[in-house]
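>>> pasted the sequence and its predicted model underneath.
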Amino acid sequence: MVNKHSRTVLRTIRIEKELDDVLRQDAERNRLSFNSYISKLMTRYSEWDRFNERWGAVSIRKEAFKSIIEAIESDKLVDVAKDIGSHVPKEFIVFWFKKINLETYLEYLSLVCHYAKFAECEIGIDGNDYTIILSHDIGQKWSDFLGIWLTEGLKVTLGVLPKIDTTRNSVVVRFRM
């Protein structure tokens with residue numbers, strides 16, 4: 001993870017004119033300065049892409065993903081969510097962060113939501129009480145999958161059994177540490 005409070009370093013690089021044009025246009029479209037946009041891209045590379053290149057991640061359109069989720073029978077989806085939740089979060093966290101604790105689990109969840117677009121993620125902490133809210137537009141089956149995936153992941157990585165509430169487009173996770 002990139003330390004957002006670290007010093008900056010000046011680097012000079014050479015890039016092709018066509019690449020510069022694309023980056024400048026994208027920066028303008030995103031209403032960012034060129035430097036901010038390049039920093040954002042490099043942060044994504046540092047936090048996500050460099051690991052995914054080795055991890056073997058696959059990217060597909062949300063529409064295609066939603067169709068796949070809807071085509072899976074509910075009982076099979078439960079089995080897959082349990083299987084993935086029981087080992088992927090732990091493996092991912094060890095691979096990315098080299099240690100497992102509440103902080104690295106929450107960072108893992110934030111990264112997966114932010115970069116893999118699992119859902120919009122909000123994490124609330126009140127003393128020892130934690131609330132995680134995942135919002136998405138993929139439907140009830142995705143909410144069900146996420147609820148089971150989170151339950152298994154929290155159980156295996158932290159020994160926590162959360163309370164899960166799902167709706168068509170959201171998952172609310174509550175637990176105490």
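Noted; the coordinates are in hand. Since the structure is predicted, the reported quantities are computational estimates derived from the model, not experimental observations. Residues are numbered from 1 along each chain as shown.

>>> quickly list the domain ranges of the chain.
Domain assignment of the chain by automatic domain parsing yields the ranges 1-57, 63-176.

>>> Throw those domains into TSV and include mean neighbour count, thanks.
Heads up, the C-betas are built off the backbone N, CA and C, glycines and all. Converted to TSV, the domains of the chain look like this (neighbours: other Cβ atoms under 10 Å):
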stretch	mean neighbour count
domain 1-57	11
domain 63-176	16
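
>>> lowest-confidence stretch among the ones you listed?
For the domains of the chain, the bottom mean pLDDT is recorded on domain 1-57, which sits at a mean of 86.

>>> only C-alpha atoms, please: export stretch 51-65 in CSV.
Included here for stretch 51-65 are C-alpha records, laid out as CSV according to Å, rounded to 0.1, in the frame of the first residue of the first chain:
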residue,chain,number,x,y,z
PHE,A,51,-0.2,-8.0,-7.7
ASN,A,52,-3.0,-9.0,-10.1
GLU,A,53,-0.5,-9.6,-12.8
ARG,A,54,1.0,-12.4,-10.7
TRP,A,55,-2.3,-13.4,-9.0
GLY,A,56,-4.0,-14.2,-12.2
ALA,A,57,-7.0,-11.9,-12.1
VAL,A,58,-9.5,-11.7,-15.0
SER,A,59,-11.5,-8.6,-16.0
ILE,A,60,-14.9,-8.7,-17.6
ARG,A,61,-17.7,-6.2,-18.2
LYS,A,62,-20.1,-5.8,-15.4
GLU,A,63,-23.0,-6.6,-17.6
ALA,A,64,-21.4,-10.0,-18.5
PHE,A,65,-20.6,-10.7,-14.9
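
>>> I'd like the distance from it to the chain centre, please.
Put simply, stretch 51-65 sits 12 Å off its chain's centre (Cα atoms, centre = their mean, to the nearest Å).

>>> tell me which element the residue nearest to Ala81 when sequence neighbours are not counted falls in.
Spatial nearest neighbour of Ala81, excluding adjacent residues (Cβ to Cβ, 6 or more residues apart in numbering): Ile148 at 3.7 Å. Taking DSSP states H and E as the criterion, Ile148 maps to helix 140-158.

>>> any residues touching the helix or strand encompassing Lys82, and which ones?
Element membership for Lys82, per DSSP H and E: helix 74-97. Applying Cβ atoms under 8 Å, 6 or more residues apart in numbering, the set of residues contacting helix 74-97 from outside is 1, 51, 55, 69, 72, 99-100, 104-105, 107-108, 111-112, 141, 144-153, 156-157.
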